[in-house]
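**Student:** Kindly return the folded structure for what I paste below:
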Amino acid sequence: MIFVVEVPHDAHPHAWFAYDGEDLLGKIAAEDALQPWEIFDQTSARELFELVGVRPDAPDASAAFPGISRLAQEFGLDAPLYRADHLLERGCYQPEAVLLGAACEAALQRRKVAMAQGGTLRDYRIYWSEPEAVLAIEGQDPFFAEQGNWRALHALREQLLALDVLAAD
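**Tutor:** Residues are numbered from 1 along each chain as shown. Predicted structure coming up:
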């Protein structure tokens, strides 16, 4: 499981979990202005053509969809292409791999700006496994000693208790 602790600007910290990367993406996308496939996508030029209902070898494919055609010409129809709008340019696909976790973290990072600039989070943490989350509450993460983040510590501890990751004392 993956655990997320969010410290909002104007509310108490809270913690939540995701079963895996896909679940994390879905939960982050539910609170994001972007669609899940804009936050993270792995596809190919062929699949993009299929999405728009055009065969790649159709005579008008290049004229109708020059961006997809350029991707197909440059990287091939079946090469994996990655999109992560919070990491890359908006709408940009690239052949260099982007990890789902990095794309999700970038979406959370976009929320961590000043409240006056529209940010919702003062801070956040992601723990990618149960052992990492347990070690964090046992003093391994200095985050909980900063700026009164003891409430964040309690939020994570309560989440771990609720999921039986920790035994109640």
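**Student:** what helix or strand is the residue nearest to the spatial centre of the chain on?
**Tutor:** Note on the chain: the residue nearest the mean C-alpha position is Cys104, at 1.1 Å, using C-alpha atoms, centre = their mean. Using DSSP states H and E, Cys104 sits in helix 100-111.
**Student:** next SSE after that helix?
**Tutor:** Trace forward from helix 100-111 with DSSP H and E and the next one is strand 121-127.
**Student:** Distance-wise, check the residue nearest to the centre of the chain relative to His154.
**Tutor:** As defined by C-beta to C-beta, to the nearest Å, Cys104 lies at a distance of 24 Å from His154. The way it works is simple: take the backbone N, C-alpha and C, and place the C-beta from them, glycine included.
**Student:** what do you get for Phe3?
**Tutor:** Phe3 is 14 Å from His154, by C-beta to C-beta.
**Student:** okay, those two: which has more neighbours?
**Tutor:** Phe3 (26 against 15; other C-beta atoms under 10 Å).
**Student:** which helices and strands sit right next to the helix or strand encompassing the more buried one?
**Tutor:** When elements are assigned from DSSP H and E, Phe3 belongs to strand 2-8. Secondary-structure packing of strand 2-8 (3 or more C-beta pairs under 8 Å, 6 or more residues apart in numbering; DSSP states H and E): strand 14-18, helix 21-29, strand 121-127, helix 150-162.
**Student:** again, only using 6 Å
**Tutor:** Applying 3 or more C-beta pairs under 6 Å, 6 or more residues apart in numbering; DSSP states H and E, we find strand 2-8 packed against strand 14-18, strand 121-127, helix 150-162.
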